[in-house]
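>>> please work out how this folds:
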Amino acid sequence: MADTILMNGRITTLDPVTPDAEAIAIGEGKVQATGTAAEIMRHNGPKTEVIDLGGRRVVPGLNDSHTHLIRGGLNFNMELRWENVPSLADALRMLKEQAARTPAPQWVRVVGGWSEFQFAERRMPTLEEINAAAPDTPVFILHLYGRALINRAAIRVLGFGKDTPNPPGGEIQRDAQGNPTGLLIARPSALILYSTLAMGPKLPIEDQVNSTRHYMREMNRLGITSVIDAGGGGQNYPDDYAVIQKLHDEDQLTVRIAYNLFAQKAGAELSDYERWVAMTEPGAGSAMLRMNGGGENLTWSAADFENFLEPRPDLTPTMESELEPIVELLAANRWPFRIHATYDESIDRFLTVFERVNGRQPFETRFIIDHAETISPRNIERIEALGGGIAIQHRMAFQGEYFVDRHGAAAAEATPPIGRMLQMGVPVGAGTDATRVSSYDPWVGLYWLTTGKTLGGLALYDEANVLSREEALRLWTHGSAWFSGEADVKGTLAPGMYADLAVLSADYMSVPPEEIRRINAVLTMVGGRVVYGVGEYADLMPPLPPASPDWSPVGAVPSPGERQAAAGPGTQFARACHDGCGNGCSVHGHDHGIAWNNPIPVKDLKSFWGALGCSCFAV
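Modelled structure (predicted):
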């Protein structure tokens, strides 16, 4: 008999044997059977819990094949998120309110996941606006991996002055008198951005534990049941994995995590991997927390940051000599590995190294090219020949306008060329690269994959690069499972697979395209256990302590997932005019397209920073 039966639903299983079902039986954490209600109720026993889905759509749990959950969890409770905030006026109001409740010496941090093109005003905040919103509390606002905005209070705390030198690869913008303005520019490296961010205070360990739990709850709210963590700068193994390991040992993980080990110090990358090869191995851990291999940073000389505001960076001539011994070490020890690679020129050089190593030490396991926005058909073929896969993310949904401005609309039509990847039979998994550039919200990614549009509504792709809803869902589920070697146990709702699933707030398969971005889960299960529930399912959800510390934005403002669920007339957040705005304006009536249709002069920074949308967009 089943432990749990979900019935009266529209279940997309992605199992070719039974692609659609009305009900599902779950036992011992796995799918027992799917089918009609009559078929599945045969598994109903005296101890079976039966849950009525009320006709809702059910999908396999979403799996982010490239994110940074472990690092993001340690910081989540400190960060003010601007995802799904439709107007700059709302964003600045949130900034002002958070500054008022943030005690010294803490900062207000807006760390990625937003684009100015999502705002009705279609512009960035100005430094003057940020200083007005937060005159006394340090503020750090990350915009993609291209620049950061800091206020005067942060400039004082950081000690930036006329004599502060520019760090390598970055620029501190200065006024005519040589004083820092508060704009930090990544040119071409993002080092200035995350090194400055790292100077801010950290949470105490008990708050880091609480923060990670709240971040996982946010994942579950959005239907995510698995992730592959790509490591990150400042995320050293094993020290910075203590919190996630503690939660695992106390059975408090609500997301399955496969994690990669990311080389930390330039010049010592090989030493990192030599030490880690002796300490652990791929697959070490459990079904909830397991080691997955090396990367995404194998050597710092191979980093080609995706700052489309700047020209493509050329990798150093020493890259190959530094990368090759690391790849050989990993191949010899049968470690899967992944590598950050935005541009085809970088991928071409990486693959030459991989082919050379493979000639001496054949790859016996998978490798992953991450991002691959401008990869060529020839290099897709080379990846396929070596047995690799490509993990793509929705970074173009946030940066598409900048890419088009620099490279042209024709170049953007296949950036990345997902249709060609699938046509050529290469494993493809979908993800976010959250939290510092793209949003962690998977529904933004599914919207981008199925419409080809940016957050600002710019249509990027032709039909060959836009996926059907089922194709996109498959990349976010079974496609991603390949990247942790788990395609035989997760990603579909077939008998014997993990009972990881999400019951959705709206029917992903049939809602209008713009509504995809507002989908959430109303019930999420991991291994047949309820990890999130709302509404009639709220009593099934395990309790979670309040967010700590008590000044955390998480406890004060709706999360991005909650904002989406509540989006509509009468909520505290305005809706962007291109997304069904219900507001009128005494000046413009309902002709809010004045901002929507106005081109953004991104090449003219002075005009760009000063472009002003009308105040009615914040009504």
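
>>> how many residues are close by the closest residue to Tyr241 other than its chain neighbours?
With sequence-adjacent residues excluded and distances taken as Cβ to Cβ, 6 or more residues apart in numbering, Tyr241 is closest to Ile70, at 6.6 Å. In short, each C-beta sits where N, CA and C put it, glycine included. Here the number of neighbours of Ile70 (other Cβ atoms under 10 Å) works out to 24.

>>> quick one: what helix or strand has Ile70 in it?
In the assignment (DSSP states H and E), Ile70 maps to helix 69-75.

>>> pLDDT averaged over that helix - what is it?
Model confidence over helix 69-75, given as mean pLDDT, is 96.

>>> pull the residues that contact the helix or strand just after that helix.
Once helix 69-75 ends, the next helix or strand along the chain (criterion: DSSP H and E) is helix 88-101. Residues lying outside helix 88-101 but in contact with it, judged by Cβ atoms under 8 Å, 6 or more residues apart in numbering, are 80, 82, 85, 108, 110, 114, 116, 119-121, 123-125, 129-130, 133-134, 136-137, 139, 551, 553, 556-557, 573-574, 613, 615, 617-618.

>>> correct me if wrong, but Ala397 is in a helix.
Yes. When DSSP: H, G, I helix; E, B strand; the rest coil is applied, Ala397 is found to be in a helix.

>>> residues near it, how many?
By the other Cβ under 10 Å criterion, the neighbourhood of Ala397 contains 27 residues.

>>> so which residues of the stretch 251-400 of the chain form strands?
256-261, 289-294, 337-341, 367-371, 389-393 (DSSP state E, counting those that start in this stretch).

>>> now do the third one against strand 256-261, angle only.
Strand 337-341 and strand 256-261 meet at an angle of 70 degrees, taking axes from the mean of the first three to the mean of the last three Cα atoms, to 10 degrees as the criterion.

>>> same deal with the second one?
With the same axes, to 10 degrees defining the directions, strand 289-294 sits at 30 degrees from strand 256-261.

>>> pull the CA atoms of strand 289-294 into CSV?
Taking only C-alpha atoms (Å, rounded to 0.1, in the frame of the first residue of the first chain), the coordinates of strand 289-294 have been written out as CSV:
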residue,chain,number,x,y,z
LEU,A,289,23.9,16.0,-0.2
ARG,A,290,26.6,14.6,-2.4
MET,A,291,29.9,15.6,-3.9
ASN,A,292,29.7,16.0,-7.7
GLY,A,293,33.2,16.8,-9.0
GLY,A,294,35.4,19.8,-9.8
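
>>> and that strand, what does it pack onto?
Secondary structure elements in contact with strand 289-294, counted by 3 or more Cβ pairs under 8 Å, 6 or more residues apart in numbering; DSSP states H and E, are helix 242-249, strand 256-261, helix 319-332, strand 337-341.

>>> report the distance from that strand to the chain centre.
Between the centre of strand 289-294 and the centre of its host chain there is 19 Å, according to Cα atoms, centre = their mean, to the nearest Å.

>>> which stretches of the chain have low pLDDT?
Within the chain, the ranges that satisfy pLDDT under 70 run 561, 563-619.

>>> and the helices in the stretch 301-450 of the chain?
Counting by DSSP state H, counting those that start in this stretch, the stretch 301-450 of the chain forms helices over residues 319-332, 344-360, 377-386, 396-407, 409-412, 418-423, 442-451, given from the N-terminal end onward.

>>> deepest-packed of the ones you listed, please.
With neighbours taken as mean count of other Cβ atoms under 10 Å, these reach their highest mean count in helix 442-451, at a mean of 25.

>>> immediately after it, which helix or strand?
Taking DSSP H and E as the definition, the helix or strand that follows helix 442-451 towards the C-terminus is helix 469-474.

>>> what packs against whatever helix or strand comes next after that following helix?
Moving toward the C-terminus from helix 469-474, the first helix or strand encountered (DSSP H and E) is helix 480-481. Using 3+ Cβ pairs under 8 Å, 6+ apart as the contact criterion, the neighbours of helix 480-481 among helices and strands are strand 62-67, strand 224-229, strand 428-431.

>>> quick one on the thing from earlier: which one of the helices and strands packed on strand 289-294 lies closest to Arg378?
Judged by Cβ to Cβ, the one of the helices and strands packed on strand 289-294 that comes nearest to Arg378 is strand 337-341, at 14.5 Å.

>>> before we move on, the earlier item: the residue nearest to Tyr241 and Arg338: what is the separation?
According to Cβ to Cβ, to the nearest Å, Ile70 stands 15 Å off from Arg338.

>>> then Gly387?
In this structure, Gly387 and Arg338 are 14 Å apart, going by Cβ to Cβ.

>>> same question, Asn297
Taking Cβ to Cβ as the measure, Asn297 and Arg338 are separated by 9 Å.

>>> perfect, I'm done here.
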